[in-house]
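In: Curious how this folds, go ahead:
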Amino acid sequence: MTHTIHTIAIAGAGTMGSGIAQVTASAGYNTILFDIQPAMLQKAEMGIKKSLEFLQSKGKISAEEQNAITARITYTANISELKADLIIEAILEKLEIKHQFFQQVAEINGPNCILASNTSSIPITQIAAKVPHPERFLGIHFFNPAPIMKLVEIISGVQTDKKIADLCKEIIEKMGKTCVMAKDAPGFIVNRVARHYYVEGLKALEENVADFETIDALMESSGFKMGPFKLMDLIGVDTNFSVTSSMFELFHKDGKFRPSRIQQQLVDAGFHGKKTKRGFYEYS
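Out: Numbers count the residues shown, from 1 in each chain. Now for the predicted structure:
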């Protein structure tokens, strides 16, 4: 197989998907942003426009660059238009939905199309199990907000071709990112290590050791840029809870990964953080 990357498609126009689309378009790639919900595409387009306008106002990019980046992005709710050299999925963290998606795009694209997931916790080998030519499947895990965060995890499943993993590392590094190569283990590197930053903060809150504002203030005064509760609100309380729940199952219900009932209540109430104007904190 030979792989030349001209067009990159992103599936899922949420916070992560739209952020990744901005990164790939800024790096000079023709970019397709797909979502089944037209309203999400409109919101993503407005968000990317606002982000680029901010960068232009700060002198980070020129007006010409802003226009060129905008012109490279195509928005579509039609999956039949999702034809690219590299497809990065950033949809719901549900294995069956990912399987269905990749089976669909595999039919639309040839075997040379590289398929990747931005999953935070679902094993790459599990997703690849039902994908034709699983050797071209891997994890490319960006962090929120994708245009700002430098780190990207490149995760190889059991069947991933090393040459494809190395190629994707090279591509992502040319976008100005720092890549780390990870094996297919629960939570990969970052989410496994960072999970306890959230889980222990939530346990301290459950046990009334301190309120969440105090815990955040303590962690920030200790050198962390953001306390665990502010960070959960930024990432999305629902997303963070989903990852913790997934890792709890993958580690065979190891108590140190136990999801928090307080976080569950916020998710049930629809308080998902900054994106819903309320999480642990309230946002105007």
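
In: contacting residues for residue 44?
Out: Contacts for residue 44 (CB atoms under 8 Å, 6 or more residues apart in numbering) come out as 13-14, 17-18, 21, 33, 35, 75. Any C-beta I mention is one placed from the backbone N, CA and C, and that applies to glycine too.

In: farthest-separated two in these?
Out: 14 and 75 (13.5 Å; CB to CB).

In: Next step: the contacts of residue 44 restricted to strands.
Out: Using DSSP state E, the members of the contacts of residue 44 that fall within strands are 33, 75.

In: Out of the contacts of residue 44, who's the most crowded?
Out: Greatest neighbour count in these, by other CB atoms under 10 Å, goes to residue 21: 33 neighbours.

In: Quick check, pLDDT for it.
Out: Model confidence at residue 21, expressed as pLDDT, equals 98.

In: Give me the distance between it and residue 234.
Out: For residue 21, the distance to residue 234 equals 19 Å [CB to CB, to the nearest Å].

In: For residue 89, name its beta-bridge partners.
Out: On DSSP bridges, the residues paired with residue 89 through beta bridges are residue 11, residue 117.

In: thinking again about what came up before, residue 158: which of the contacts of residue 44 is nearest?
Out: Once CB to CB is applied, the member of the contacts of residue 44 that ends up nearest residue 158 is residue 17, at 26.3 Å.

In: I'd say the closest one and residue 10 touch.
Out: Yes: with contact defined as CB atoms under 8 Å, residue 17 counts as touching residue 10 (5.0 Å).

In: Next, show the common contact partners of these two.
Out: Taking CB under 8 Å, 6+ apart as the contact rule, residue 17 and residue 10 both touch 33, 90.

In: Now do the strands in the stretch 51-200 of the chain.
Out: With DSSP state E, counting those that start in this stretch as the criterion, the stretch 51-200 of the chain has strands at 73-76, 86-89, 114-117, 137-142, 151-156, 178-183.

In: what's stretch 173-186 in contact with?
Out: Contacts of stretch 173-186 with the rest of the structure, by CB under 8 Å, 6+ apart, involve 23-24, 26-27, 121, 123-125, 139, 142, 150-158, 165, 169, 172, 188-189, 192, 246-247, 250-251.

In: need the contact list for residue 68.
Out: If a contact means CB under 8 Å, 6+ apart, then residue 68 has no contacts.

In: what's the spacing between it and residue 52?
Out: The separation that residue 68 has from residue 52, given CB to CB, amounts to 10 Å.

In: Same check on residue 31?
Out: Between residue 31 and residue 52 the computed distance is 13 Å (CB to CB).

In: now residue 252
Out: Residue 252 sits 45 Å away from residue 52, taking CB to CB as the criterion.

In: Pick out whichever of those two has more residues nearby.
Out: Per other CB under 10 Å, whichever of residue 252 and residue 52 has more neighbours is residue 52, with 22 against 8.

In: correct me, but that one touches residue 73?
Out: No: look at residue 52 against residue 73 with CB under 8 Å: they stay out of range, at 10.0 Å.

In: Now do the shared contacts for the two.
Out: Listed contacts common to residue 52 and residue 73 are residue 22; contacts here mean CB under 8 Å, 6+ apart.

In: Can you show me the helices along the stretch 51-200 of the chain?
Out: Secondary structure of the stretch 51-200 of the chain by DSSP state H, counting those that start in this stretch: the helices cover 63-72, 95-108, 124-128, 162-174, 190-206.
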